[in-house]
Each structure stands twice: as C-alpha cells, then as structure tokens.
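> Return a 3D structure for these sequence lines:
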Amino acid sequence: MKKNVSCLNSRAIIEYTRRNFPGFMEDLLSDLDPFFENIENLELYMLDEHNWISQRVLSEMFRRIRVFSGKEEVAREIGHQAVTNRRYGYIENIFIKAIGHPHLGILRAPTINAKFSKTKTVEIVESDWSHAVLRLKWYEGIDSTRDTCLYNQGIYEAIPTIWGLPLAVTTELKCYFDGDEYCEFHFVWAKKSIITLIVSLFSKRKKLFNETLAELEREKMLIEQKYEEVETLNIDLKEKIDRLTSLDACSKATASILDTDQLLDTVMSLIVNIMKFDRAIIMMIDESGDNLMPMKSVGETDGSFKELVGYKISLKRTSNILARVATSGIAQTIKDVDNSYLRKENMILKKFSPKSFIVVPLISRNKVIGIMAAERVKGLEDFTPNDLDYVMNFCNQIAISLQNAHLVANMKQSFVSSILSLASALEAKDSYTRGHSNRVATYSTIIARRMGVDRERIEMLRLMALMHDIGKIGIPDNIINKAGKLDDEEFLAIKRHTNVSVSIIEPLLANKPELVDIRSHHERFDGHGYPEGLSGNQIPLEARIMGVADSFDAMTTCRPYREPMSKHKAMDEIKTHKGTQFCPEVVEIFVDILTSMPDDLYTLINNGYGQAPTV
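Predicted coordinates:
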C-alpha cells in the first residue's frame, strides 16, 4: 500500500459516520487493504492523524459512505463537519485562528495541504479580504475521485466558520474529473469589519492560548504513547532477531557438528539462554522403541542428572507426561506443578522439584525420536503460543541434528568395518603386513597427538595407516617374501602398491582428500620418493608422519630377508636420514617419544597389542 494521505482525512470520514450512521462502521472499514490484516485495531489506526494510508483506500471509504447514505455530495458535507465539529491541532490553530481572518487562513492552504497529503498541490490563483480562487492539481497515477475533490471543497468552504462567519459561497470553475487539467474554485465569504476583526482577535487570544496548551499536552501524551509502543516493538523485534539467530545457529550446528555430545551442548545452551529456562533435559527413545532414556541435561549444578543414568520410562505408561508427549507428539505445558494433576511421587519430580515446565516432542521425518523438558523457576505465566511454536521449531532442529549425527556415526562404523574386513583379507595373505599396519597406526597416532593434530584428523590417520599397505594384496607372494634383493621389475611391482591401495579404498572414501595420505607415505622429504616425487611440505603432514612410523617399524621387525634392528639402532638410522628421507620435525618428535617411552610399553606395541595411549 502506497501511503500518501494522512489519517487526518480518514478520521473525518469515521467521525462523520459515528455521528450520522454508527451502524455502518463495520462495513466502512472491512476488507479495505491486505496491509490492515496485521493491524489489531483498525479504527484506532485510522483515527490517528500521525498514521498514513493510500488515496485508493480513502477513495473507497468515500464511495462506501456515499452509497450507504444515498447522498451524492456527502464528501462535501464531511469536509464541512471536519472543520466545524472538531478542534484542529495546535499547528492548525496557529495557522488559521491566530491570524483572525479567512483571507489570511487561505494563504496557508498550500502549506497545510502539503502537511497532510501527497496526492496534489494547492495553488492560490488570487485572494483578498472577500474572496479567493484555489487551484488543485492532482498528481498522475493517484487513485483519486470526485469525492475527494468535493471533500476538499467542503473544507475550504467551512474555513470562515472558524471566525463565526457563514459558509463561503463557492463556484466551481474547472474540474479535473470532468476532463480539465485541474480543479479550480472561487470562494466568496462575508466581509468582516476591521473593528470586529481586532475585537475578535483579542477576545480569542486567551481561548486560543488555552486550546494550544491543551493540544500541546495531548501531543505530548501521544508522543509518549508512541515512544512506549516503539520501545515495546523494539523489545519484540530484538527477541525475534535473537530467536532467528539461535535457529540459524542451531541449523549451522546441524550441518557442522557431528559429535552428538558436542551438538547437544551447543543447541541446548542456545534454547536455555534464549527462552530463559533454568534447566532442560533431553530424553531419547531407545533402540527397542519401548522406553525413554535420559541423554543430556543443562542447567543442573548439583550433579543430580548422574543419578538418572540407567533410568527408563516405559512408553506404555500413558499416565506419565513425558511418555505421553513421546507417544502423542503433542507438547504439554505445566504452569504450576504443585497444583497440577501430576503424580508427586514421580522420580524426576521428586529429584528435580520443578515449579513449572514444558515438554516438547523431538520430531524428525514425521517420527518422534525423543522429548525435551525445560523448566522455569519463575513460572510460565508469560509463556505464549508463539513461544511454544518457537520451542517446537527449535526442537525439530535438534531432532534433525541428532538423526544426522546418528546417520554419520553409522556410516563411519560401516566404513571402519569395511577397512577392518580388507585388513583381515590382507592378513590372510601376509600375517606380517597386518601386524605391521597396526603398529604403524599406533606410532602415527602417538606422533600426531604430540603434534597437536585435531581428533578427527588423527582418527582418519589411524584408519589410513591400517590400510596403507592394502595394495600389496595384489603382489605375488614370491616378491613380498623374497629373501634377496629385488630386481628392477620386482621393485616396480612393489612401488605400485601405493596407487593400488588408493584404488581399493577410493570407493569407501568417495574421493576424500585423505586418500593422498596413503598414496604419499613413501614420498621422501628430499623429493626422491615415489610415486610422484613430492618433497618437503608438498607431502601431506599425515603422510610424513606415516612415512617415519612405517620405516621405523620395518627396521625393528623380522623380515624374511633380514633380522630386526634394535630400537636404538633404528632411532639412529631415522636420525641419520632426517631432512633427506624424513621430515625433520616429525623425526625430532618421534625420537623424543621413543626416548621417553617405557620399555614395557614399547614391547607391548612391538608385539602388536593394539593402539597405545597418548605418551
């Protein structure tokens, strides 16, 4: 809606209708414009001259009252009564009353028009103490009608009544709505003697002063009211922005955090802070689909949540509010626990003693997967349906997040299972290779932890280390177990195992960048390795770590073609090739790890008993 007319004009129509046709008020204001659907009290809005509406809406209001009243020139009558039956604001009083005569009042017409309308201009063609000629020029594209023209004519006709004179005698010279370029009127008013003018001016000064003070006070109260409304709207707006921001943060957490525990910490902190809950708990339906089990809490400081470990609520207990929400998918609000129907012997009620709380289902893919219960100690008296809608939307985001995390965990487990199955296949061919891969994975994990690599990368490094030699599954046994030196063709077959490893694992990783760790674990720091001849930091960090761990384990374990080296001799060999074959930083950290490692722990690792703890 294009707002180009002050509600000073709609106020004139409403007040006229109230006085003359009160039963028509509902029809006058119904279905005027979609904009008004969000206005709680449209009549109050239309009476406030500080608000604005469109010329189209004003024209429709004139049309409706004309049809209902049966008066073709009812708009002219409305213009008369707008002047004679209401007090103008203090600005209009100063413009019109203070100057004491219609002639001087008419001179202010262009200014007053500009203040309350953006649909036309008003020009004074001529004016003196007995008459005036006014010209109204309508802007193009304005939805104005002859009713609006008559309304303006009525206002100017009634201006003399402010000073106790009769209505002006009007002659319409031109009409825009009859095809002319503009509307033009000739107004003639009764003469007022100079003596009467002076007496009138002085007699009305005190009255004008009092009325102006009253209008100033009214304007002040109105401004205060508007200020309070703006403050309330600002508070509401900030609350909505905070809620939208938290929903956005929850959505981002859904996409970026795949660790369930970390995810719940993030999203539950958001909902508690935004909704000013004191405590909240999430319970999930177990794998059997028969029970609710506690999963995460926030806000409790006495460790009482730990006492709920192993606690179950059967979904068949329809008398239990948590089970009922989980089975029905309908949220529940309890505003006063002490005076509610709830069974006070319930373990959670006895343990946590909530004063008021809500229970909301966690729904993902049209299925309830759990519930969230949240408490407010101060009560939920101000908890609105909009608040509940927001919490339910938020909980649906939580449910989606949990399901995504669960799916990713299942995919990761399937991936790990696939890798272990491949490793088992390699063990069947060469038992040494499986033990070797386990030890390389263990050493690589220890080095990466000491270097500060993040947990997810370390886990992927461990899996890649377990699989780094899987490509040897296609190399003939006589080459792998050859006691003597390999010839060129045999060595070429060995070198191919890095690319073969990648081709085997690639379907599981879907072209993830971690594949380069397997391909590059035989690259040398000086660039003389294989398969691509990478050097220095061109080699991924994980591959540099794996390369040191791989070589150390190869030297310290028994092979068909040689006896194993001692730990210290292998360490010296590693240090000798620091900066040529091996990354200097990785060598220094690994040597420090081995030097400080207890002999029994080293023996445990060397014998292939799983992954060692951080050293």
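> So the nearest residue to C183 once chain neighbours are set aside versus F185, what's the distance?
Distances taken as C-beta to C-beta, 6 or more residues apart in numbering place L136 nearest to C183, at 4.2 Å, with adjacent residues excluded. All C-beta spots, glycine's among them, are computed from the backbone N, C-alpha and C. Distance from L136 to F185, counting by C-beta to C-beta, to the nearest Å: 8 Å.
> where does V5 fall, phi/psi-wise?
Main-chain torsions, V5, degrees, to the nearest 10: phi -130, psi 130.
> er, L534 I mean
Torsion angles, degrees, to the nearest 10, at L534: phi -70, psi 160.
> need the contact list for it.
Shown in contact with L534 (C-beta atoms under 8 Å, 6 or more residues apart in numbering): S520, E523, G527.
> Name the nearest of those relative to K485.
E523 (22.5 Å; C-beta to C-beta).
> After the helix or strand of the chain with the lowest mean pLDDT, which helix or strand is next?
Counting by mean pLDDT, DSSP states H and E, the chain has its least confident helix or strand at helix 90-96, which shows a mean of 47. Once the chain leaves helix 90-96, the next helix or strand it forms, by DSSP states H and E, is helix 102-106.
> Report the buried members of the contacts of L534.
Buried positions within the contacts of L534, assessed by neighbour count (16 or more other C-beta atoms under 10 Å), are S520, E523.
> Please tabulate the contacts of L534 in TSV, including the columns secondary structure and distance to D469.
TSV is the format used below for the contacts of L534 (DSSP: H, G, I helix; E, B strand; the rest coil; distance: C-beta to C-beta, whole Å):
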residue	secondary structure	distance to D469
S520	coil	14
E523	coil	15
G527	coil	23
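> State the next helix or strand along the chain beyond the helix or strand containing V586.
Taking DSSP H and E as the criterion, the element that holds V586 is helix 584-596. For helix 584-596, the following helix or strand on the C-terminal side (DSSP H and E) is helix 599-606.
> Distance from that following helix to the middle of the chain?
53 Å (C-alpha atoms, centre = their mean, to the nearest Å).
> who does that helix touch, helix- and strand-wise?
If you count contacts as 3 or more C-beta pairs under 8 Å, 6 or more residues apart in numbering; DSSP states H and E, helix 599-606 packs onto helix 431-450.
> buried residues in the helix it packs on?
Within helix 431-450, the residues that count as buried by 16+ other C-beta under 10 Å are 433-448.
> Which of those residues sits closest to A554?
Of all the buried residues of helix 431-450, A554 sits closest to H436, with 7.2 Å by C-beta to C-beta.
> Among the contacts of L534, which one lies nearest to L150?
When the contacts of L534 are compared for distance to L150 (C-beta to C-beta), S520 wins out at 88.7 Å.
> which residues touch the closest one?
Remark: with contacts taken as C-beta under 8 Å, 6+ apart, S520 is in contact with T498, E532, L534, I539, P540, A543.
> So which of these is the closest to T121?
Among the contacts of S520, P540 lies closest to T121 (C-beta to C-beta), at 75.0 Å.
> Around that closest one, how many other residues sit close by?
P540 has 19 neighbours, counted by other C-beta atoms under 10 Å.
> Then E506?
For E506, the neighbour count with other C-beta under 10 Å is 13.
> I figured it was touching E514, is that so?
No: applying C-beta atoms under 8 Å, one finds E506 not in contact with E514, separated by 10.7 Å.
> could you show me where the helices are in the stretch 401-550 of the chain, in order?
With helices called from DSSP state H, counting those that start in this stretch, the stretch 401-550 of the chain shows them at 431-450, 455-467, 477-480, 488-495, 497-509, 515-519, 541-556.
> which residues are in contact with both of E506 and E514?
Common contacts of E506 and E514 (C-beta under 8 Å, 6+ apart): none found.
> Can you list the neighbours in contact with the helix holding V586?
Contact partners of helix 584-596, identified using C-beta under 8 Å, 6+ apart, comprise 443, 446-447, 450-451, 525, 544-545, 547-549, 552, 567, 571, 574-575, 578, 602, 615.
> what comes up buried for that helix?
Neighbour counts over helix 584-596 (16+ other C-beta under 10 Å) mark V586, V587, I589, F590, V591, I593, L594 as buried.
> Run the angle between that helix and helix 431-450 for me.
Inter-element angle recorded for helix 584-596 and helix 431-450: 100 degrees (by axes from the mean of the first three to the mean of the last three C-alpha atoms, to 10 degrees).
> what separates helix 584-596 from the chain centre, distance-wise?
The chain centre lies 48 Å from the centre of helix 584-596; the measure is C-alpha atoms, centre = their mean.
> in the helix or strand hosting M61, what counts as buried?
Following DSSP H and E, one finds M61 within helix 55-69. Of all the residues in helix 55-69, those buried under the rule 16+ other C-beta under 10 Å are Q55, R56, V57, L58, S59, E60, M61, F62, R64, I65, R66, S69.
> Same question for stretch 284-303.
By neighbour count on 16+ other C-beta under 10 Å, the buried set for stretch 284-303 is M284, I285, N291, L292, M293, P294, M295, K296, S297, V298, E300.
> which of those has the weakest pLDDT?
Lowest pLDDT of the buried residues of stretch 284-303: E300, 64.
> Look at R108 and say how many residues are nearby.
R108: 17 neighbours (other C-beta under 10 Å).
> Output the below-cut-off pLDDT ranges for the stretch 401-550 of the chain.
For the stretch 401-550 of the chain, the stretches with pLDDT under 70 are 415-416, 419-420, 423-434, 508-512.
> switch the cut-off to 50
Within the stretch 401-550 of the chain, not a single segment meets pLDDT under 50.
> and what of the chain?
In the predicted model, the chain carries pLDDT under 50 at residues 87-91, 93-95, 98, 610-615.
> helices and strands around the helix holding M61, which ones?
Secondary elements touching helix 55-69 (3+ C-beta pairs under 8 Å, 6+ apart): strand 5-6, helix 7-20, helix 25-29, helix 74-84, helix 146-158.
> who wins for proximity to M392 among the ones you listed?
For the helices and strands packed on helix 55-69, the distance to M392 is smallest for helix 25-29, at 35.0 Å, taking C-beta to C-beta.
> Which other helices and strands does the closest one contact?
Counting by 3+ C-beta pairs under 8 Å, 6+ apart, helix 25-29 packs on helix 7-20, helix 42-47, helix 55-69.
> would you turn those into TSV with distance to D469?
Converted to TSV, the helices and strands packed on helix 25-29 look like this (distance: least, C-beta to C-beta, whole Å):
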stretch	distance to D469
helix 7-20	83
helix 42-47	78
helix 55-69	80
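> Out of those, which is closest to S117?
So among these, helix 7-20 is nearest, using C-beta to C-beta, at 7.4 Å.
> What residue spans form the domains of this protein?
The chain breaks down into these domains under automatic domain parsing: 5-192, 257-404, 430-606.
> Would you reformat those as JSON lines and include distance to I223?
Below are the domains of the chain laid out as JSON lines (distance: least, C-beta to C-beta, whole Å):
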{"stretch": "domain 5-192", "distance to I223": "9"}
{"stretch": "domain 257-404", "distance to I223": "28"}
{"stretch": "domain 430-606", "distance to I223": "58"}
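> To T245, which of the ones you listed lies closest?
domain 257-404 (8.6 Å).
> between the contacts of L534, which is closest to S269?
Distances from S269 to the contacts of L534, taken by C-beta to C-beta, are shortest for S520, at 40.7 Å.
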